[in-house]
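Engineer: I would like the atomic coordinates for the input below:
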Amino acid sequence: MKVLLVDDDKLVCQSLKIILAADSDIEVIGMGHNGQEGISLYESLNPDVLLMDIRMDVMSGLDAGEILLKKYPEAKILYLTTFLDDDYIIKALNIGAKGYMMKQDFDSIIPALRAVHKGQNVYGNEIITKLPNLLHQSSPITDYSSYGLTEKEYEIICKIADGLSNKEISEILFLSEGTIRNYISLILEKLSLRDRTQIAIFYYKNR
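Structural biologist: Numbers count the residues shown, from 1 in each chain. Alright, predicted model coming up:
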């Protein structure tokens, strides 16, 4: 797995490089120190995962991520920061970042990189517990049928918003995991969303 590191603290970059070097499957192919460098290095090095800080001079990691994801929607960006600001978390979710981790959770960095590399979304426990309050708005209750969603699809949306895996949903609803995956594909298509994280965001924004 090719990883690009972007953090304005050069000591942090070097420390992360040492931590990641302990895993033979991970190769740190470059290091940048602001969002602008992150964009340039991403385009020249084509990493599998971009591990990036948020608060940086010249250009923030969130602004760089937004630019990259508009140009390269398949880009896998994992934010690693010391800040739990609500605005940062919401923007990371909205632009389609694959993950948001706290730097102090350094034991989770390598597993998170692996998960993001596989296409999964990874948000630390601190972020997950904040999501319902962050995303809830006082908008009118959404008429899900107006999106062409069935009762079963709505039920699966609720389970996804509860943080359940496909296996857990399949056990509760007595359906196979393959059937759940098919339902999720239909839900994504009907709501014009990209992944299950966006389904959860949609639920909390519109409940």
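Engineer: Name the SS class of the residue nearest to I172 when sequence neighbours are not counted, please.
Structural biologist: Of all residues not flanking I172 in the chain, K159 sits nearest, at 6.7 Å (CB to CB, 6 or more residues apart in numbering). Where C-beta positions appear, they are placed from N, C-alpha and C, glycine not excepted. With DSSP: H, G, I helix; E, B strand; the rest coil as the basis, the three-state label of K159 is helix.
Engineer: Give me the neighbour count for K159.
Structural biologist: 20 (other CB atoms under 10 Å).
Engineer: longest helix of this protein?
Structural biologist: Longest helix in the chain, counting residues (DSSP state H): helix 177-191.
Engineer: Output it as CSV, restricted to C-alpha atoms.
Structural biologist: Presented in CSV, the C-alpha positions along helix 177-191 are these (Å, rounded to 0.1, in the frame of the first residue of the first chain):
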residue,chain,number,x,y,z
GLU,A,177,-25.7,-10.4,3.2
GLY,A,178,-25.9,-10.5,-0.6
THR,A,179,-29.5,-9.3,-0.5
ILE,A,180,-28.5,-6.5,1.9
ARG,A,181,-25.7,-5.4,-0.5
ASN,A,182,-28.3,-5.4,-3.3
TYR,A,183,-30.7,-3.2,-1.2
ILE,A,184,-27.8,-0.8,-0.4
SER,A,185,-26.9,-0.5,-4.1
LEU,A,186,-30.5,0.4,-4.8
ILE,A,187,-30.6,2.9,-1.9
LEU,A,188,-27.4,4.6,-3.1
GLU,A,189,-28.8,4.8,-6.6
LYS,A,190,-32.2,6.3,-5.5
LEU,A,191,-30.6,8.8,-3.3
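Engineer: residues in contact with that helix?
Structural biologist: 147-149, 152-153, 156-157, 160, 166-167, 169-170, 173, 175, 193-196, 198-199, 202 (CB atoms under 8 Å, 6 or more residues apart in numbering).
Engineer: Report the buried members of these.
Structural biologist: Those of those that meet the buried threshold are 149, 153, 156-157, 160, 166, 169-170, 175, 193, 196, 198-199, 202, by 16 or more other CB atoms under 10 Å.
Engineer: Any chance of a markdown table for those, columns pLDDT and secondary structure?
Structural biologist: Formatted as a markdown table, the buried ones among the contacts of helix 177-191 follow (pLDDT from 0 to 100; DSSP: H, G, I helix; E, B strand; the rest coil):
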| residue | pLDDT | secondary structure |
| --- | --- | --- |
| L149 | 87 | coil |
| E153 | 91 | helix |
| I156 | 93 | helix |
| I157 | 92 | helix |
| I160 | 91 | helix |
| N166 | 93 | helix |
| I169 | 92 | helix |
| S170 | 92 | helix |
| L175 | 90 | coil |
| L193 | 89 | coil |
| R196 | 85 | helix |
| Q198 | 85 | helix |
| I199 | 88 | helix |
| F202 | 82 | helix |
